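In: Make a model of this:
(one chain, ligands or ions: 1)
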Amino acid sequence: MSIRLENISKTFGQFQALSPMSLNIDEGEMIGLLGPSGSGKTTLLRIIAGLEGANSGRIQFGDRDVTNQHVRDRHVGFVFQNYALFRHMTVADNVAFGLEVMDAKQRPNKTEIQHRVKHLLEMVQLGHLANRYPSQLSGGQKQRIALARALATKPDVLLLDEPFGALDAKVRKELRRWLRSLHDEIGFTSVFVTHDQEEALELSDRVVVMSNGHIEQIDEPAQLYAQPNSRFVFDFLGNVN
Ligand code: ADP
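Out: Numbers count the residues shown, from 1 in each chain. Okay, the predicted model is just below:
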């Protein structure tokens, strides 16, 4: 599903968190939002999700105008930094959650839900942990379960907020490779937030570099290095890590 943002802006009280910005994302693209802390990455992601309303502008998913649509109706999957799994539910129930709460018209039947959960757990290579509880899993395993849960409803768009931020470097690297191959296999459109340059460059088809609530540059990773279009981008890419 393609995403079109047109003149999106956001203020919190007097504070302009996002200046009016436009952005077109192609179907199947993986887009990294990269920038220093406070540059507006999470705010932009939450506006795409419908978790936050914009002050101006329009958002389209494919042909669908979703600007005034509730998060529930936008058909997005969301993965948070801290996994946000339900502690009192098994791994399988966590993955099934998004399907169980669908309204009756759309909800698959029980057998179909079980089938889909089994398939998703195999896909994230954690089928053997279906009956465990989140407290019995490692950080990397929890994050893979969070991804399976987000993909369960077959969302049009997958949004990830610092998905691997809480993990150590080795696991982060593994999960990055794994997410990229999962993406290439399934082909979902995806936007993720990171302040980790390596993560943005390795995972993204295109990177959106943000500072102070505006977009500095949008380009493929190699192009960002070859032709940074501002002093900010040049310094930011040179100095991080
Ligand atoms: P980033 O994800 O790049 O770190 P954010 O989008 O979280 O940046 O925040 C951008 C700016 O907006 C920050 O200065 C932050 O303090 C401010 N901000 C974000 N959410 C709120 C809020 N709910 N109320 C007030 N200010 C906010």
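
In: Now the longest helix seen in the chain: buried residues?
Out: Longest helix of the chain, by residue count under DSSP state H: helix 169-186. For helix 169-186, burial by neighbour count (16 or more other Cβ atoms under 10 Å) applies to 171, 172, 175, 176, 178, 179, 182, 183. No exception for glycine: its C-beta is placed from N, CA and C like everyone else's.

In: which one of those residues is nearest the ligand?
Out: Of all those, the ligand sits closest to residue 172, with 18.2 Å by Cβ to the nearest ligand atom.

In: Need the pLDDT of the closest residue to that closest one other than its chain neighbours.
Out: Spatially, and ignoring its direct neighbours in sequence, residue 172 is nearest to residue 164 (4.4 Å; Cβ to Cβ, 6 or more residues apart in numbering). As predicted, residue 164 sits at a pLDDT of 86.

In: Assign a three-state SS to the residue lying closest to residue 152 once chain neighbours are set aside, would you?
Out: Nearest residue to residue 152, sequence neighbours excluded (Cβ to Cβ, 6+ apart): residue 98, at 4.9 Å. Taken by DSSP: H, G, I helix; E, B strand; the rest coil, the conformation at residue 98 corresponds to helix.

In: now the strands for the protein?
Out: Counting by DSSP state E, the chain has strands at residues 3-12, 15-25, 30-34, 56-61, 64-65, 76-79, 157-161, 189-194, 206-211, 214-219.

In: Would you mind reformatting those strands (as TSV) and adding columns for mean pLDDT while you're at it?
Out: Below are the strands of the chain laid out as TSV (pLDDT from 0 to 100):
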stretch	mean pLDDT
strand 3-12	98
strand 15-25	97
strand 30-34	97
strand 56-61	97
strand 64-65	96
strand 76-79	90
strand 157-161	94
strand 189-194	95
strand 206-211	96
strand 214-219	97
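
In: any chance of those strands in JSON lines, plus distance to the ligand and mean neighbour count?
Out: Shown next, in JSON lines, are the strands of the chain (distance: least, Cβ to the nearest ligand atom, whole Å; neighbours: other Cβ atoms under 10 Å):
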{"stretch": "strand 3-12", "distance to the ligand": "3", "mean neighbour count": "17"}
{"stretch": "strand 15-25", "distance to the ligand": "4", "mean neighbour count": "17"}
{"stretch": "strand 30-34", "distance to the ligand": "8", "mean neighbour count": "25"}
{"stretch": "strand 56-61", "distance to the ligand": "16", "mean neighbour count": "17"}
{"stretch": "strand 64-65", "distance to the ligand": "24", "mean neighbour count": "13"}
{"stretch": "strand 76-79", "distance to the ligand": "15", "mean neighbour count": "23"}
{"stretch": "strand 157-161", "distance to the ligand": "8", "mean neighbour count": "24"}
{"stretch": "strand 189-194", "distance to the ligand": "6", "mean neighbour count": "25"}
{"stretch": "strand 206-211", "distance to the ligand": "7", "mean neighbour count": "23"}
{"stretch": "strand 214-219", "distance to the ligand": "11", "mean neighbour count": "18"}
